[in-house]
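Enquirer: No sequence on hand, only this structure:
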């Protein structure tokens, strides 16, 4: 959970979207791997509210690839 908060903070403080790409990809890795945990899900919901929507344009293909994720919480979050 602390790692997620750190990545969200780094992404929101990034000056350019391209500089945030590495942090976005690492955040997605944590999301897809541990997103089934309720604490992780809560931290993600809080973090998503902090990040500007345009930031996610860089990783849309990775997110779309997880639409049918095996974990119900991850699948629901991707679809919403």
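Expert: Okay, I see it. Values in this document were obtained by computation on a predicted structure and should not be read as measured data.

Enquirer: And for residue 40, the neighbour number?
Expert: 19 (other CB atoms under 10 Å). Placement of C-beta: from N, CA and C, glycine included.

Enquirer: so what's residue 24 closest to, chain neighbours aside?
Expert: Residue nearest to residue 24 in three dimensions, not counting chain neighbours: residue 59, with 5.1 Å by CB to CB, 6 or more residues apart in numbering.

Enquirer: I figured the one you found hits residue 25, correct?
Expert: Yes. Look at residue 59 against residue 25 with CB atoms under 8 Å: they come within range, at 6.7 Å.

Enquirer: So between the two, which is more surrounded?
Expert: Using other CB under 10 Å as the criterion, residue 59 and residue 25 rank with residue 59 on top: 16 against 13.

Enquirer: residue contacts, the more buried one?
Expert: For residue 59, the set of contacting residues under the criterion of CB atoms under 8 Å, 6 or more residues apart in numbering consists of 21, 24-25, 28.

Enquirer: Now, of those, which are buried?
Expert: Among the contacts of residue 59, those buried by neighbour count (16 or more other CB atoms under 10 Å) are 24, 28.

Enquirer: Could I get the contacts of residue 59 in CSV, plus columns for secondary structure, distance to residue 48 and pLDDT?
Expert: Shown next, in CSV, are the contacts of residue 59 (DSSP: H, G, I helix; E, B strand; the rest coil; distance: CB to CB, whole Å; pLDDT from 0 to 100):
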residue, secondary structure, distance to residue 48, pLDDT
21, helix, 17, 90
24, helix, 12, 94
25, helix, 16, 93
28, helix, 12, 93
